[in-house]
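>>> sequence first, predicted coordinates after that:
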Amino acid sequence: MTVFRGPEEVPAGFGPAVVAIGKFDGVHAGHRAVIERAQVDAASLDAQVVAVTFDRNPLALLWPDRCPESLVGVTQKVRLLGETGVDAVLVLAFDHELAALTPREFVERVLRPLGTRMVLVGSDFRFGAGGAGTPETLRQLGSEFGFRVDVVDDVRAVGEGRRVSSTWVRELLADGDVERAARLLGHAPSVWGEVVHGLKRGRDLGFPTANLSPALEGFLPADGVYAGWLVDEDEGLRPGIRYPAAISVGTNPTFDDVPVRQVEAYVLDETDLDLYGHHVEVEFASRVRGMASFASLEGLIAQMTDDVARVRALLT
């Protein structure tokens, strides 16, 4: 898969292309429906599939106070889009210059260099300064610039009738329901970041952990202990080495000396694993329990021992 970090990186003569446009926050089942439709159209047109997305939620620039926390960062988003099988991803830097483009200018600067023959969007798609452009606007411009536009219907949950959305996934993660979130996403919810030095308290307690930098990508689920996986991306292998792990999310209330929520992952049965400086993905598979404070170290160690046993049972 090719990644373009702006239209200027698209080589001359690129295309023809079927383009799916969206924020793709989380690359959930609704986003995948748009991409799958693009892949079908691309097969009939003998074209490449290109996902066009942004380096941030546009609201982060336009209305920061209304901007929700992102489910994934750019690194995660590009990887997840690649896993869908698209041929290329165009990541647009959503800055004031891009925000000021008229719908016509957006088509000229973003879609035309891709050799666009078909564009797929969701029903709520808006583009151009002030969100002036709608799918109908895009259709009108398409008749002039030589591409067709198709609006892909929402994916809805059977029974609940609710559309699959990033908002719904956030709600589930905020409740710690990582299993239902994974079903909506089509992949495990995760965070990505660098392993940094912590207080080394876990090592003293017999459970050495990999601490992620607070400057991580991804949406943290509710505080608690989770079963999941740590994927080491810095071993020269792709997609990386996967280790089963017991994962803690929170501020460690027993000691009350961690000022911000943090992610710690204890890789099962590994006491000498050196991950400092490595970039890792921590995937959440199932919630074991909520966060709790313990009156003694003995009580904490006993609980951690039980947590690890439960994690082992869930992952094997």
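Now that the structure is in, tell me what you want to look at.
>>> for Ser123, give me the pLDDT.
What the model reports for Ser123 is a pLDDT of 84.
>>> contacts for stretch 36-52, please.
Residues outside stretch 36-52 that contact it (C-beta atoms under 8 Å, 6 or more residues apart in numbering): 14-22, 24, 35, 81, 84-90, 92, 110-111, 114, 117-118, 120, 150, 152. Where C-beta positions appear, they are placed from N, C-alpha and C, glycine not excepted.
>>> in helices, which of these appear?
Secondary structure defined by DSSP state H assigns 35, 81 of those to helices.
>>> can you pull out the strands in this protein?
Using DSSP state E, the strands of the chain run over 2-4, 17-21, 48-54, 88-92, 116-122, 148-152, 190-196, 210-212, 224-232, 241-250, 262-267, 279-290.
>>> show me the protein divided up by domain.
2-152, 189-315 (automatic domain parsing).
>>> let's have those domains in CSV, adding distance to Trp168.
Output for the domains of the chain, formatted as CSV (distance: least, C-beta to C-beta, whole Å):
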stretch, distance to Trp168
domain 2-152, 9
domain 189-315, 12
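>>> which one of those domains has the poorest average confidence?
Across the domains of the chain, domain 189-315 gives the lowest mean pLDDT, at a mean of 86.
>>> what about Leu120, distance to Gly146?
16 Å (C-beta to C-beta, to the nearest Å).
>>> looking at these two, which has the bigger crowd around it?
Using other C-beta atoms under 10 Å as the criterion, Leu120 and Gly146 rank with Leu120 on top: 27 against 11.
>>> contacting residues around the lengthiest helix in the chain?
Longest helix in the chain by number of residues, with DSSP H as the criterion: helix 297-315. For helix 297-315, the surrounding residues in contact (C-beta under 8 Å, 6+ apart) are 205-207, 225-229, 244-246, 254, 266, 268, 285-286, 288-289, 292, 294.
>>> how far does it sit from the chain's center?
29 Å (C-alpha atoms, centre = their mean, to the nearest Å).
>>> of all the domains of the chain, which one is nearest Arg163?
domain 2-152 (6.9 Å; C-beta to C-beta).
>>> and the end-to-end length of that closest one?
This stretch, domain 2-152, spans 24 Å end to end (C-alpha to C-alpha, to the nearest Å).
>>> wait, Ala20 touches Val34, no?
Yes. Ala20 is within contact range of Val34, at 4.9 Å (criterion: C-beta atoms under 8 Å).
>>> those two - which one has more neighbours?
Per other C-beta under 10 Å, whichever of Ala20 and Val34 has more neighbours is Ala20, with 32 against 24.
>>> so what's the more buried one up against?
Counted by C-beta under 8 Å, 6+ apart, Ala20 has contacts 34-35, 37-38, 49-52, 86, 119-121.
>>> cool, Arg139 as well?
Per C-beta under 8 Å, 6+ apart, neighbours of Arg139: 148-149.
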